[in-house]
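Asker: everything below, folded, please.
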Amino acid sequence: MEQVKKKRNKILLLIIGILLLAFIAAGIYLYNTVFQPFSLVETTYIHIDREKNYEEVIRQLKEKAGLPSEKIFRLLAERMNYPTMVKTGRYAIEDGMTMPDVIRRLRSGNQAPVNLTFNNMRTRENLAGRISQQLMVDSLSLLNVLDDPTNAEKFGFDEYTFIAMFIPNTYEVYWDMSIDNLLNRMKREYDLFWNEGRKEKAGKIGLMPVQVSTLASIVEEEATYTDEYPIVAGLYLNRLNRGMRLEADPTVKFAVGDFALRRILFRHLEVESPYNTYKNSGLPPGPIRIPSIQAIEAILSPQQHRYLFMCAKDDLSGRHNFATTHAEHARNAAAYQRALNTRGIY
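Answerer: Numbering: from 1, shown residues only. Got it, this is the predicted structure:
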């Protein structure tokens with residue numbers, strides 16, 4: 001009887017030992033899984049939009065970051081109350097992070113900033129589309145705001161000049177910033193850009209900052225090569241100072257609504273538009289594109305010369321011949337017209 005009892009005790013101890021080992025093994029496995037680091041070649045990013053879809057978060061973690069264990073992640077997320085605390089934003093998932101690290105980052109809303117860039121933008125549609133590619137902002141919603149004169153007035157612009165508030169550069173922002181926050185940020189950047197030094201330079205050439213942007217937009221459309229910007233800037237300022245019309249082809253293209261025009265014809269020059277500088281004196285009511293900083297600086301620091309006329313070179317290189325007299329300009333223009341005719345550009 002004693003032997004049977006001892007045998008039962010041994011079996012019980014064995015079972016307990018096995019269970020204990022199994023428990024320890026399960027604990028080790030669970031610990032290793034919970035704290036198994038993400039293995040990434042480079043930092044990846046997940047984006048959580050305004051729908052705050054928890055299932056979409058898990059999908060991105062699986063596809064972009066190789067989530068170590070979806071089951072364990074869900075258990076951890078529930079324990080850490082994350083499913084009810086999903087926040088919009090762009091979040092960095094870095095090599096070596098663990099699932100608890102990721103959940104804490106997502107739950108806290110600790111976003112990775114975005115470098116917002118926009119340049120070479122002609123229209124508001126271009127700008128809205130470019131920004132929407134980089135932020136959570138909807139392009140149509142942004143375009144509607146940009147097209148609303150009341151919004152322009154809030155920032156000290158009008159419907160023609162509002163686009164000048166956007167200075168092409170690189171800005172560190174958050175992916176989920178609202179349209180209002182975006183506009184406020186652009187206004188702050190505009191005010192920082194137009195410091196006292198630049199305002200003083202603008203005053204010396206008799207222009208307000210927004211007029212500088214308007215003229216810079218024409219210069220940038222006119223000149224293919226940046227080294228010509230200061231020359232063209234000086235030419236247009238010479239014409240303005242003499243009371244001459246700018247007679248800038250890019251403003252005609254803008255008025256017609258076709259920047260692809262390769263040849264300006266007399267019928268184009270007759271279009272009725274405040275942007276047609278062949279028919280209207282002074283500057284048009286606003287920029288015909290978003291001018292680059294380089295073009296703006298060219299207006300503020302124009303080359304000093306006596307040129308009043310310019311014409312594309314007859315080699316169609318995109319460069320220009322400059323002239324001080326109408327007779328000289330007429331010869332340049334005739335050579336250019338012959339080059340167009342020879343190449344069948346009408």
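Asker: now Leu182: closest residue in space, sequence neighbours ignored.
Answerer: In space, not counting the residues next to it along the chain, Leu182 is nearest to Val137; the distance is 6.6 Å by CB to CB, 6 or more residues apart in numbering. Where you see a C-beta, it was placed from the backbone N, CA and C, and this is true even at glycine.
Asker: kindly report the same for Met177.
Answerer: Nearest non-adjacent residue to Met177, counting by CB to CB, 6+ apart: Leu135, 6.4 Å away.
Asker: can you count the residues close to the one you found?
Answerer: The tally of other residues near Leu135 (other CB atoms under 10 Å) stands at 21.
Asker: got a list of what it touches?
Answerer: Under the criterion of CB atoms under 8 Å, 6 or more residues apart in numbering, the neighbours of Leu135 are Val114, Leu116, Val173, Trp175, Asp176, Met177, Leu182.
Asker: 7 Å instead, please
Answerer: Counting by CB atoms under 7 Å, 6 or more residues apart in numbering, Leu135 touches Val114, Leu116, Trp175, Met177.
Asker: correct me, but the residue nearest to Leu182 touches Asn181?
Answerer: No - contact status for Val137 versus Asn181: not in contact, 9.9 Å apart, counting by CB atoms under 7 Å.
Asker: what sits opposite the nearest residue to Met310 once chain neighbours are set aside in the beta ladder?
Answerer: Excluding its sequence neighbours, the residue lying closest to Met310 (CB to CB, 6+ apart) is His320, at 4.8 Å. Residues in a beta bridge with His320, per DSSP bridges, are Ala312.
Asker: quick one: His320 and Tyr229 touch, right?
Answerer: No - under the contact definition of CB under 7 Å, His320 does not touch Tyr229, with a separation of 11.4 Å.
Asker: and Arg185, how far from Phe266?
Answerer: Applying CB to CB, to the nearest Å, the value for Arg185 to Phe266 is 45 Å.
Asker: between those two, who's got more neighbours?
Answerer: When Arg185 and Phe266 are compared on other CB under 10 Å, the one with more neighbours turns out to be Arg185, at 15 against 7.
Asker: can you tell me the helix or strand for the more buried one?
Answerer: helix 179-193 (DSSP states H and E).
Asker: just the CA coordinates of that helix, formatted as PDB?
Answerer: Output of helix 179-193 as PDB, limited to C-alpha atoms (Å, rounded to 0.1, in the frame of the first residue of the first chain):
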ATOM      1  CA  ILE A 179      -6.600  72.700 -44.000                       C
ATOM      2  CA  ASP A 180      -6.900  75.500 -41.600                       C
ATOM      3  CA  ASN A 181      -3.600  74.600 -39.900                       C
ATOM      4  CA  LEU A 182      -2.000  74.300 -43.300                       C
ATOM      5  CA  LEU A 183      -3.100  77.800 -44.300                       C
ATOM      6  CA  ASN A 184      -2.100  79.300 -41.000                       C
ATOM      7  CA  ARG A 185       1.400  77.700 -41.400                       C
ATOM      8  CA  MET A 186       1.800  79.000 -44.900                       C
ATOM      9  CA  LYS A 187       0.900  82.500 -43.800                       C
ATOM     10  CA  ARG A 188       3.500  82.300 -41.000                       C
ATOM     11  CA  GLU A 189       6.100  81.100 -43.500                       C
ATOM     12  CA  TYR A 190       5.100  83.900 -45.900                       C
ATOM     13  CA  ASP A 191       5.500  86.500 -43.200                       C
ATOM     14  CA  LEU A 192       8.900  85.000 -42.200                       C
ATOM     15  CA  PHE A 193      10.000  85.000 -45.800                       C
END
